[in-house]
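> please work out how this folds:
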Amino acid sequence: MVRILLKLSLLLITLVSMLSCEDVVDIGLDTAEPKLVIDASIKWQKGTAGNEQIIRLSTTGDFYQNGTPIASGATVFITHGAETYTFFENIGTNTYSCSNFNPILNETYTLTVIYKGETYIGTETLYPTPDIDNIEQTVTTGFGGEENTQVKFFFQDDGLQDNFYLIGFKNSMVAFPEYGVVDDEFFQGNQMFGLYIDELEPNDQLVLSLQGVSSRYANYMDKLLNIAGTDGGNPFTTAPATLRGNMVNQTNPNNYPYGYFSLGEVDIENYTIQ
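Sure thing, here's the model as predicted:
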């Protein structure tokens with residue numbers, strides 16, 4: 001009995017010692033100079049004037065920083081021929097808005113951002129998008145016997161040119177939308193589709209979106225989605241090669257920004273699970 005009590009006493013002393021020695025350790029991480037992040041996705045939703053557009057500007061921050069740093073005080077405008085569309089800052093947010101933008105299909109636009117004495121410029125074309133023709137809902141059975149709901153929407157590809165599409169699904173029960181990139185290499189001039197599979201319940205809401213994009217933007221988004229889907233959310237994973245967009249720093253090319261300037265017509269359908 002004495003030996004057992006002695007062992008228990010030693011165990012308790014060891015646990016108390018371990019707890020009393022517990023310290024909060026901050027890992028010193030290298031902090032790079034902040035880079036400008038340009039989120040300039042101009043979307044012209046079918047059936048709207050497309051005059052109201054928003055561009056988001058922020059900067060990179062350190063690992064322990066809460067929230068996204070705002071890039072305030074920038075000059076932001078888009079030019080198209082002799083027209084200039086100015087984006088005004090919404091103070092206290094990372095958004096710059098324009099209320100008189102004029103979208104024209106297949107026309108080329110140039111975005112200029114002037115921030116802290118440096119000028120960033122990018123050029124892109126506003127691509128057309130086919131209509132979402134119809135939506136189908138079915139039930140699939142997985143390998144484990146579980147049932148999932150499959151939602152598929154169809155659209156007609158234009159066979160006269162090579163096309164690239166950004167497909168989106170926003171589940172009302174999930175915080176963030178899901179995206180995918182497809183092209184018509186094997187579907188030239190034929191009907192194509194977007195597909196979403198998940199455990200869905202009747203009356204759940206899905207927002208389906210289809211946007212025509214350039215081949216370069218499709219390649220950019222494909223790489224970005226691969227990066228987001230392969231690191232498992234591990235903050236200590238080795239970062240892949242830097243992914244650069246189409247915005248170029250004209251003042252200091254070495255201080256390149258993150259993000260992309262894109263334009264596209266977009267068709268959006270709201271769907272209720274049956």
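
> contacts for stretch 175-190, please.
156-160, 162-171, 192, 194, 196, 207, 213, 215, 218, 221-222, 225 (CB atoms under 8 Å, 6 or more residues apart in numbering). Yep, even glycine has a C-beta here, placed from its N, CA and C like the rest.

> sitting in strands, which of those residues do you find?
156, 164-171, 192, 194, 196, 207, 213 (DSSP state E).

> spatially, which two of the residues you listed are the most separated?
156 and 171 (25.6 Å; CB to CB).

> ok, the two, which is more surrounded?
Taking neighbours as other CB atoms under 10 Å, residue 156 and residue 171 compare with residue 171 leading, 18 against 14.

> now that one: how far from residue 266?
As defined by CB to CB, to the nearest Å, residue 171 lies at a distance of 18 Å from residue 266.

> do residue 252 as well
Counting by CB to CB - residue 252 and residue 266 are separated by 34 Å.

> those two: who's more crowded?
A count of neighbours by other CB under 10 Å puts residue 266 above the other of residue 252 and residue 266, at 21 against 11.

> show me what the more buried one bridges to in the sheet.
residue 45, residue 211 (DSSP bridges).

> what does residue 272 give?
Beta-bridge partners, per DSSP bridges, of residue 272: residue 205.

> look at it and say how many residues are nearby.
11.

> are any of the contacts of stretch 175-190 buried, and which?
157, 163-171, 192, 194, 196, 213, 218, 221-222 (16 or more other CB atoms under 10 Å).

> phi, psi for residue 110 please.
Phi and psi for residue 110, reported as degrees, to the nearest 10, are phi -120, psi 130.

> so what's it up against?
Taking CB under 8 Å, 6+ apart, we find residue 110 in contact with 78, 79, 80, 121, 122, 123.

> among those, which ones are buried?
78, 80, 121, 122.

> would you report which members of the residues you listed are assigned to strands?
Per DSSP E, the buried ones among the contacts of residue 110 map to strands at 78, 80, 121, 122.

> let's have those in a markdown table, adding distance to residue 147.
Converted to a markdown table, those look like this (distance: CB to CB, whole Å):
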| residue | distance to residue 147 |
| --- | --- |
| 78 | 47 |
| 80 | 50 |
| 121 | 51 |
| 122 | 45 |
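
> tell me the one of these nearest residue 115?
Nearest member of these to residue 115, counting by CB to CB, is residue 121, at 12.0 Å.

> could you dump the contacts of residue 110 into TSV and include distance to residue 93 and pLDDT?
Converted to TSV, the contacts of residue 110 look like this (distance: CB to CB, whole Å; pLDDT from 0 to 100):
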residue	distance to residue 93	pLDDT
78	19	98
79	24	98
80	26	98
121	24	98
122	22	98
123	26	98
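
> give the contact list for the nearest residue to residue 39 once chain neighbours are set aside.
Spatially, and ignoring its direct neighbours in sequence, residue 39 is nearest to residue 56 (4.0 Å; CB to CB, 6 or more residues apart in numbering). By CB under 8 Å, 6+ apart, the residues touching residue 56 are 38, 39, 40, 94, 95, 96.

> did I read that right, residue 56 in a helix?
No - read with DSSP: H, G, I helix; E, B strand; the rest coil, residue 56 is strand and lies in no helix.

> please, where are all the strands along the stretch 1-150 of the chain?
36-45, 53-59, 75-80, 83-89, 95-98, 108-115, 118-127, 132-141, 147-156 (DSSP state E, counting those that start in this stretch).

> distance to residue 177 for those - can I get that in a markdown table?
As requested, the strands of the stretch 1-150 of the chain are exported to a markdown table (distance: least, CB to CB, whole Å):
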| stretch | distance to residue 177 |
| --- | --- |
| strand 36-45 | 12 |
| strand 53-59 | 16 |
| strand 75-80 | 25 |
| strand 83-89 | 23 |
| strand 95-98 | 18 |
| strand 108-115 | 23 |
| strand 118-127 | 20 |
| strand 132-141 | 16 |
| strand 147-156 | 14 |
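
> residue 243: which of these is closest?
When the strands of the stretch 1-150 of the chain are compared (using CB to CB), the closest one is strand 36-45, at 11.8 Å.
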